[in-house]
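Visitor: Model the following, please.
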Amino acid sequence: MPISTRTSTTLLDPAAQPDNSGNAQQDVLPGYENTPDYSAETYHQPLVTYHLRATKTNTSHLVPFEPTASKSHPSYEIRYRSSTALPIFNRKGDISVSRTWLSSEASSTTVIARADFHDKGPLPYCPRARFTLDSPVEGNPATTIEMSSPNWKNWKFSYEAASYVWTLRDIPACIELSSADSYSDTAPPVIARFTYGKVGTKVLAGGEVGQLEVWRDALTESTVGREVVVLGCLVVVKYFVGLGRRYRNDGSGGSGAGALINPKGDERARKRGMGMF
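Guide: So this is what the prediction gives:
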């Protein structure tokens with residue numbers, strides 16, 4: 001079950017702090033006639049929630065949770081390179097993504113991104129990936145993001161001079177995106193979270209793989225920023241599938257490591273056409 005809250009920093013209570021000024025009366029600030037109206041829901045409620053659904057072998061769709069949300073947030077079609085296709089004979093990316101905007105008149109679909117895993121980079125060796133994202137504004141340059149997993153578990157990347165990290169969590173099995181530039185002792189707020197469904201990536205055609213929740217943040221203010229989140233999430237999910245780690249949340253209470261499926265069973269299931277990859 002998705003966690004509908006995000007981590008927030010704990011503020012210190014001013015009343016509990018010692019008065020070192022020598023004159024507490026002088027430190028009292030004047031009252032304001034009109035104080036700003038801050039809404040907690042704006043901070044804690046997701047900006048958009050996507051459902052990742054498997055439609056057929058090597059194809060899935062990421063769609064907004066609410067039908068009305070599709071007017072402001074697009075849906076995406078994701079195609080994965082077949083595990084039997086050799087790259088030398090298949091020029092498609094490991095992951096290809098198309099964007100679909102829905103309107104009252106018609107819908108338009110455009111291929112916007114491709115992602116590839118690669119082994120080019122400095123030593124020591126670690127898993128790496130690169131995705132190129134076309135701008136939704138015609139004429140603007142494409143965005144290229146380099147991702148890496150130094151510990152073979154969590155994935156880091158940089159965007160507009162800021163660093164971010166996708167972190168794998170155990171209970172429930174999910175991956176969380178947060179800032180890697182936090183200088184506080186407290187955990188930084190969660191920017192996005194993908195929570196695996198009951199069956200996870202072993203779901204049959206038409207079933208839900210999981211949910212992606214995206215919160216308001218400097219990264220998610222623009223369409224390009226939100227699509228950087230989407231592409232990064234897809235890369236990490238695909239990476240774990242490639243390792244044979246098919247996470248799920250079946251209610252058994254097991255951790256992420258306990259939610260894995262036997263690789264031999266994966267191979268038999270793949271031959272029967274089961275699963276999204």
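
Visitor: Pull out the buried positions in stretch 143-158.
Guide: Of the residues in stretch 143-158, Thr143, Ile145, Met147, Ser149, Asn154, Trp155, Lys156, Phe157 count as buried by neighbour count, 16 or more other C-beta atoms under 10 Å. The way it works is simple: take the backbone N, C-alpha and C, and place the C-beta from them, glycine included.

Visitor: in which helix or strand would I find Glu164?
Guide: No Glu there; residue 164 is Tyr. Assessed by DSSP states H and E, Tyr164 sits inside strand 162-169.

Visitor: Now do the end-to-end distance for stretch 141-160.
Guide: End-to-end span of stretch 141-160 (C-alpha to C-alpha, to the nearest Å): 14 Å.

Visitor: what sits against the closest residue to Gly200 other than its chain neighbours?
Guide: Once flanking residues are discounted, Gly200 sits nearest to Arg248: 3.3 Å by C-beta to C-beta, 6 or more residues apart in numbering. With contact taken as C-beta atoms under 8 Å, 6 or more residues apart in numbering, Arg248 is in contact with Ala173, Tyr196, Gly197, Lys198, Val199, Gly200, Thr201, Lys202, Ala259.

Visitor: and which of the residues you listed is nearest Arg114?
Guide: Here the nearest of those to Arg114, counting by C-beta to C-beta, is Thr201; it sits at 20.3 Å.

Visitor: what kind of secondary structure is the nearest residue to the closest one once chain neighbours are set aside in?
Guide: Spatially, and ignoring its direct neighbours in sequence, Thr201 is nearest to Arg246 (4.8 Å; C-beta to C-beta, 6+ apart). Classification of Arg246 using DSSP: H, G, I helix; E, B strand; the rest coil returns coil.

Visitor: unless I'm mixing things up, Arg246 is touching Gly197, no?
Guide: No. Assessed by C-beta atoms under 8 Å, Arg246 is found out of contact with Gly197, at 11.4 Å.
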